[in-house]
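Colleague: Only the shape, not the letters, is given here:
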């Protein structure tokens, strides 16, 4: 796997160059004038593409995203950096994109699962508190009925209620 110290500048360079290419309309003859030079001299201009197979400096075909195979094979095409070919660039960006999407999905899944788990835990805690309060209230009601019964016995009101026959 590539080192992140190499990968990050390469990605920044590629995205920066892509934005510059999208905004500029180069003179076609600029790159072809550098045919007799080397890769570094050719790639100083962001609109140029160096083909190792033919050792020529070409104008980057802006209308197509990737240079056609007839112009220069992807494995031999260099743009932005002399040491990185298009094939490596495409594979690297695809892997990074896939890892980014998968990590985003995993984070979303974990957040939703943890939120649901936290909600269930909170609901269970509230249910326990409610049950505890209900039990306490039932105990208080039973104690109050017990006291009332003791008071009725103390004053002889334990028998049938004299008002019950009017009901």
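Modeller: Perfect, I can see it now. Treat the numbers as computed from the prediction; the structure is a model and nothing was measured.

Colleague: Closest to the centroid, which residue in the chain?
Modeller: Residue closest to the mean C-alpha point of the chain, counted by CA atoms, centre = their mean, is residue 104 at 2.5 Å.

Colleague: Quickly note the distance from that one to residue 92.
Modeller: Taking CB to CB, to the nearest Å as the measure, residue 104 falls 18 Å from residue 92. To be clear about C-beta, it is placed using only N, CA and C from the backbone, and glycine gets the same treatment.

Colleague: and the gap between the residue nearest to the centre of the chain and residue 98?
Modeller: For residue 104 relative to residue 98 (CB to CB), the value is 11 Å.

Colleague: Next: residue 142.
Modeller: For residue 142 relative to residue 98 (CB to CB), the value is 65 Å.

Colleague: And residue 129, by the same measure?
Modeller: Using CB to CB, we find residue 129 at a distance of 46 Å from residue 98.

Colleague: what's the answer for residue 92, then?
Modeller: Taking CB to CB as the measure, residue 92 falls 11 Å from residue 98.

Colleague: Comparing these two, which residue is more hemmed in?
Modeller: Using other CB atoms under 10 Å, the more surrounded residue of residue 92 and residue 98 is residue 92, with 17 against 10.

Colleague: quick one: what helix or strand has that one in it?
Modeller: helix 86-154 (DSSP states H and E).

Colleague: same question, residue 83
Modeller: Here residue 83, judged by DSSP H and E, is contained in strand 81-85.

Colleague: Next, the angle helix 86-154 makes with that strand.
Modeller: 70 degrees (axes from the mean of the first three to the mean of the last three CA atoms, to 10 degrees).

Colleague: Could you list the residues in contact with strand 81-85?
Modeller: Where contact means CB atoms under 8 Å, 6 or more residues apart in numbering, the residues beyond strand 81-85 that reach it are 10, 13, 39, 40, 43, 50, 74, 75, 76, 77, 78.

Colleague: hmm, which helix or strand of the chain has the shakiest average pLDDT?
Modeller: Within the chain, no helix or strand scores below helix 4-23, which has a mean of 57 by mean pLDDT, DSSP states H and E.
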